[in-house]
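K.L.:
missing the sequence, but the structure's below:
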Ligand SMILES: Cc1ncc(C[n+]2csc(CCOP(=O)(O)OP(=O)(O)O)c2C)c(N)n1
Ligand SMILES: Cc1ncc(C[n+]2csc(CCOP(=O)(O)OP(=O)(O)O)c2C)c(N)n1
Ligand SMILES: [Mg+2]
Ligand SMILES: [Mg+2]
C-alpha cells in the first residue's frame, strides 16, 4: 500500500491533469524542492503554469485563492506549517467561508487549504502545533483530516472536485510516511466505512446544522475486533493519532482483555457524529483522542454532542489530548506535553 | 446602579490615573468621539499622552501592545468590533500568549485586549458575531467576559493590574447600556460569588491545566431562588446573555414551576468549572446558553468537562446557541439565527 | 497615450451622480424612522469617483467594493429598489436581506465590510480572469484608512509579481471614521503603490469629467497590458462616517460642499431644462423605489433559513 | 554626520565573526549525529551583518531576531554553550529547551519563528522605551522573504507615525527558503520603507568594517533623534536554508564563498600570529561549549512541566 504522502501527491497530480481549473499555490512548492514536506513534488515540473510558488503571505494567498475560486477556478493552497493558519483566520472566517451564505447563496468559493500539523519533530513552539480546533465550528467551512484507514488521496480529490465550499484539509507531518492500511492487515477487525447519512445534517433550530445534503463525501471508519466479546468502550480519533488509538486498542484487547470499538471520522467540522453516537450507544463509554491542546478541541464537541444525545446512558467520557501548553522543542518535554499510546491505554483501563 | 459602559469607562479612567504604565490603544478612541461604543470616552481628554488612536491595523496594534508589555508598560487595546479578532489570531496565539512559557517563564506579557461582540443591532455578517470561542483554549491566554451580576469595572481593573498574562476581555454591544444588578433587585435570589478555588487549576497530565495559582480573580456568580424547592436544572451562561438566562429562570419559576440554578462565570478560558460542576452535581441537568454559533463554543467545553466529571450522573445536557450561520443583517433573520429567551425556556421545560 | 472611450454624455453623467446623491440622502433622512437595519456609510461628496471610474467598464468587468459601497453599486448599474430593500432587510434586497449595507453581491459586483480583506480577493479574481483569457478586469475600491491593513500590501506585492489585471482605486477623503489621515498614514500614499512597482495616477478633483478619462485610460491599460494600476482620487466626504458621528469642523465641510460638490460642478454643464427634467426623474425614481422597497416583504425567517444549503 | 563609535579592534571583530562561523559549522556537522532536536537555519556567510550591526550597541538595547538567529544571538553576547544546549533541548539551554533554535530569549534578546510577526512587537518595545525616557533602542532583523508578510507594513506605518526608536535591519540574501527574490519581492525594497517615510541606508558588502560604521551611525541617529531607520544589507547565505535543502547552483555558491566570505575578507587585516591564536581559541571554546552542552542534563519532563506557572 502507498504512503499517505504518495496518495496525496498523486491526488494533486491527477487533479491537475484532469481539470484545467485546478491551480496549486503555496510557499516553496516548486520543483526540484517540491514543498517543505514534498506533497507538491513533481507538480510544477508537470504543470508549470498551474503550480504557483508564492511570497510568504499566508493571508494574501488564501484571499487570492478565494478570488480565483469565485471566478471559476479550483485553487488548492498549501500553508507550509499548520501553525500559521492563525494568519489566515480572517480570510477564511470573515471572507471565504462567509461569502456563500452572506451573498444569499449566489456565489460559491471552492477552495481547498491543505496544511500539515503536529509535533514530535522537535520543531518547537511555532512549528509543531495542532491548530485545527480553532477552525472547527466555523459556519460555511468544512474541516477534513485524512487517516490511514481510508484513502487520503480520494478524500483530497473529492474535496477539490465534489465540494463547492471552502475546505480546510489537515495533514500531519508524521502521517505522511505512514502507509495506508490494507485489508489484509486489518483482517482481524470488522471494518465499516460510511459517509454521513443523507439526513445527518439536519437543520434544527438552535441545535444548529444546515447542510448541503448533496455532498457528504468524507468517510468515517469503524473498527472492532472480529470474533471478540462486545466492545465496552468507544475510542474516537482522527488523523495521525488514529494510529495510536489502533495500537492502543490492540494492546488493550490482547494484554488487558478490554475490547474497544474505534471510530475514525475524516470530517471534523461539521462534526460527523453518526458513527460515534451509534457506537457509544452500544458501549456507553467514550474516549476521544486528539493531538491538539486539551481545552475546546474537537473532543469537546464530540463529548458534548454525545452527552446531549445519550444523557445518563453515557456512563463515562474522557479526552486524551495535549497539555494546554505550547509545544516545547526539547524531546522529553515535547513527549510529556503530547498524548501518547500509553495515555490511551491507561485512560481506557480506568474507564471500564 | 451604573451601566456596564459607565463601569468600564470608569475602570479605564482609574487605571490611567493610578498608574503611569497604563496605555490605551485603539481605532478612533480619541475624544470627542471617544470610540465606536464610547467605552474610551473622556480618556484622551484627561490623558492625551497615554491614549493613542491607531491606524486600522488590528494585528499590528496587538503586536505593538505586546512589545510595550514586554518592556514594562500595561497596554489596553480596543478592537473596534469583535469580528476582527480573526486578524489578531497570530499575534495573540503565536506571539503574546506563547512568549511566557516558550521563553521559559523569563518574560511576562500583561496586555488586555477589549472588544465588543454580539448581534441584534442589524450590523450584518461582519459586525455582529460572537467570536471568543476561537480563542478559548489558547494556552497562555485568559478569556474574560463581564456580566451584570458582578462588577465589570472591577474585573477590567484586575485584568489590567493583577494579571501578568494576556487577557482577551469580551464585551457585548447590548450589554453596555444594561445596568449592573443591585442587591435589592436580586433579593429574591440566593446569591453567591466566588473566584476559582486556589487548587482549581490543577496540573494533571493530559487532563491538562497548568495554572498560575496566585492570580485567580475572575468571579463566578451562582443564583437560585430563595425559599424555592431545590433546583432541578443548572443554567450556565456568560456575558450579555446571562440576562436572558435570568429572565428565563424567573419565567420558568413563576410560570412553570421549574426551578433552576444560574451559574455565571466571568472566566471562559481556562474554563472555570467549579461552580458549574457543583451545581450540576446537585441538579443532574445542565443547560448552557451562549450567543456564539453552536459548534465548538464555550458550551462544548463546559458540557464535555461536566460529562467527564459526572458520568451517568449527568442526566441531561443541552446547548442553546446561535445557528451555525453568519449573522444576517435583516432583523427577522437575525432574530431567527440568534438564541433568545424563548429558546431557553423551551429547552429547560423539555429537559426536566 | 490617448484612448478612445465611449464616454457617457453630460446628461447621463448628471443622472448617475444625482441618483447616488438622492439615494444617500433618502437613506440618511429615513434612518431615524426605523425603516433600515444596522447602520450605513454614505457616499455623499464622493459620487464623481464611482461614476467616473465605472462609466466605461465592460459587462464582464468585476467591481469589489467596501463599506462605503452604495455609490459603487449604483454606478455599477445596481438597482435602487433592491439596494433600499437590502438595507431594509427585505426579501427583494440585493442579498435577500442577509448582507445589509456592507455586504452586497449582484452580477459581477461584490462588497464586504472588513477593511482591506477584499484586496487579495479582488486580486485573485483578476488573476483568474487573466488565466481564463477573458477580457475582464477588476476594479477594487478602498479608502485611505484601509492602507493600515497589512494584507493590502501582501496583495499589492502579488498583483505586481503576477501582473494581475486590476485597477486599485484609492478614494482618499483624508479621514477614516474620525481619524484624520495625518494620524493614520505615514509617508506618501502613491509611493506605497510604486514601491511594489505599480504605476499610479493621482487626481485631486470632484469633477466627473476629469476623473472619467483618466480612469478610462487606466482601465484600458489594465485590460490591454494585463497589469495592475492604481488611481488615487483625492476626494471629500460630505456626510458623517456613518450616522451622526461627524466631529469635523462644520464650517470646513460647508466650504467643501460649495467648492467640491460633484453635482454642482457637473450641473453647470447642463442646460436648465435637461437638468430639471433629470432632477424630477431621479426624484421620482428614488421615491418610487423607496416606497416599493418599503412595501416589499420581510423574510419569513423559518423559510429563509431552511432554504439555505450552506453545509453547516 | 560622523559619529564617534567605540568600534572593536580587528582582532575582536575577527573573533566575533569566527565564533559564529564555527558555531554554525559545528551545528551542521553534528546534526546527523542526532544530538540536536528539530532543525536549524544557519548564519553562514552573513556573519558580518550581526557582528557589524551589534558591535556598538548599549547594554540596554533590545535585539529582536528571527528564525536565522544564532548569529544575532552570539553577536549580541549570548553564551555559546547555552545556545548549543538549547538546540540539544537541555535544561541549561537559553530557554531550558522549551524554545529551541528559533525561540530564544536572554537579557534583551528575543527571537521568534513566525516570519514578520516580530516586527510590530519590536516596534512596540521601541515605543515603550521611548515612553520610559530610556536611552535604549531596538534593532529588529528580518529577511527579504519576510517582506511578504502584511503585518510588517502595519508596523512600519506605526513606527513612522509614532517615531519609534528602532533600526530595521533587512538582511537581503536574495532568497527565502528556496524562493529567489525575483519570484517573491516586487518593486524596490528600499522604496517600501521610504514610502512610510523611514530613511534607508543600503550596503552591498560582506565586510564587517564597512557595515559597522554605517550601522553605528544609524543606531546613533535612532537613539538621538528617536526615529526609525532601515539598514538594508545585501548579503549571501552560504549554507542551505535549514539542512540539505539547497537547490541553488553549487558553483555560484562556491564563487561567493571566495568573493563574499566575511571571515576571509576580514582575516586579511590580522597578522598571522593573532589570527592563528584567535582561531585556536575559538576552536577550543566551541569544542568545550559543545561538549559541556552535550553533558548537560535533559529536562526531567514531569518536573519541568509542574514548575511552570502558565495559567492554563
Ligand atoms: C478590519 C476592520 N477594522 C475596522 C473596521 C471599522 N471601520 C469601518 S470603516 C472604517 C474607516 C475606513 O476608512 P477609509 O478606509 O478611509 O474609508 P472611508 O470610510 O473614508 O471611505 C473603520 C475603521 C472595519 N470595518 N474593518
Ligand atoms: C509565517 C511564516 N511562514 C512561513 C514560514 C516558513 N519559513 C521559515 S524561514 C522562511 C524563509 C524566510 O526567508 P527570509 O525572510 O528571506 O529569511 P532568510 O531565511 O533568507 O534568512 C520561510 C518561508 C515561517 N517561519 N513563518
Ligand atoms: Mg477615508
Ligand atoms: Mg532571505
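P.N.:
Perfect, thanks for sending it. Quantities reported herein were computed from a predicted structural model and do not represent experimental measurements. Numbering: from 1, shown residues only, chains lettered A, B, ... in the order given. Ligands and ions are numbered 1, 2, ... in the order given.
K.L.:
can you list the weak-confidence ranges in the chain?
P.N.:
Here I'm looking at chain A. In the predicted model of chain A, residues A:183-185, A:196-215 satisfy pLDDT under 70.
K.L.:
my bad, the chain I had in mind was chain C
P.N.:
For chain C, the ranges with pLDDT under 70 are C:1-6, C:304, C:306-312.
K.L.:
the closest residue to ligand 1 within it pairs with what?
P.N.:
Across chain C, the shortest distance to ligand 1 (Cβ to the nearest ligand atom) belongs to residue C:143, at 2.2 Å. Backbone N, C-alpha and C define where each C-beta goes, glycine included. Beta bridges link residue C:143 to residue C:171, judged by DSSP bridges.
K.L.:
does it touch residue C:171 like I think?
P.N.:
Yes - counting by Cβ atoms under 8 Å, residue C:143 touches residue C:171, with 5.6 Å between them.
K.L.:
so what sits against both of the two?
P.N.:
Overlap between the contact sets of residue C:143 and residue C:171, as judged by Cβ atoms under 8 Å, 6 or more residues apart in numbering or on different chains, is given by residue C:68.
K.L.:
pull out the buried residues from stretch A:311-323.
P.N.:
A:311-312, A:314-323 (16 or more other Cβ atoms under 10 Å in any protein chain shown).
K.L.:
then stretch C:53-65?
P.N.:
By 16+ other Cβ under 10 Å, the buried positions in stretch C:53-65 come out as C:53-57, C:61-65.
K.L.:
for the residue nearest the centre of chain C, what are its contacts?
P.N.:
For chain C, the residue nearest the mean C-alpha position is residue C:72 (2.7 Å; Cα atoms, centre = their mean). By Cβ under 8 Å, 6+ apart, the residues touching residue C:72 are C:43, C:50, C:54, C:63, C:65, C:109, C:111, C:141.
K.L.:
how much space between it and residue C:171?
P.N.:
To residue C:171, residue C:72 is 10 Å away according to Cβ to Cβ, to the nearest Å.
K.L.:
how about residue C:264?
P.N.:
For residue C:264, the distance to residue C:171 - Cβ to Cβ - is 19 Å.
K.L.:
so for those two, which sits in the more crowded spot?
P.N.:
When residue C:264 and residue C:171 are compared for neighbours, residue C:171 comes out ahead with 25 against 12, by other Cβ atoms under 10 Å in any protein chain shown.
K.L.:
returning to what we had before: and the buried residues of stretch C:53-65 as CSV, adding distance to residue D:93?
P.N.:
What follows is these, written out as CSV (distance: Cβ to Cβ, whole Å):
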residue, distance to residue D:93
C:53, 58
C:54, 60
C:55, 65
C:56, 64
C:57, 60
C:61, 58
C:62, 53
C:63, 55
C:64, 49
C:65, 52
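K.L.:
near ligand 2 too, which of these?
P.N.:
When contact is defined as Cβ under 6 Å from any ligand atom, those do not meet ligand 2 at all.
K.L.:
of all those, which comes closest to chain D?
P.N.:
When the buried residues of stretch C:53-65 are compared for distance to chain D (Cβ to the nearest Cβ), residue C:64 wins out at 17.6 Å.
K.L.:
quick one: residues contacting that closest one.
P.N.:
Contacts of residue C:64 by Cβ under 8 Å, 6+ apart are C:110-112, C:118, C:121-122, C:125, C:138-141.
K.L.:
burial check on residue C:245, number of neighbours?
P.N.:
14.
K.L.:
any idea how far it is from residue B:133?
P.N.:
30 Å.
K.L.:
residue contacts, residue A:341?
P.N.:
Per Cβ under 8 Å, 6+ apart, neighbours of residue A:341: A:244, A:247-248, A:251.
K.L.:
switch to 10 Å and redo it
P.N.:
A:241, A:243-251, A:289, A:320 (Cβ atoms under 10 Å, 6 or more residues apart in numbering or on different chains).
K.L.:
next one: residue A:250
P.N.:
A:188-189, A:225, A:260, A:341.
K.L.:
distance check, it against residue A:99.
P.N.:
Taking Cβ to Cβ as the measure, residue A:250 falls 45 Å from residue A:99.
K.L.:
what about the contacts of residue C:72, which are in strands?
P.N.:
Here DSSP state E is the test, and the contacts of residue C:72 give C:63, C:65, C:109, C:111, C:141 as lying in strands.
K.L.:
hey, what's the fourth one bridged with?
P.N.:
Just to be clear, that refers to residue C:111. Under the criterion used (DSSP bridges), residue C:111 bridges to residue C:65.
K.L.:
determine the number of other residues adjacent to it.
P.N.:
Around residue C:111 there are 25 other residues, counting by other Cβ under 10 Å.
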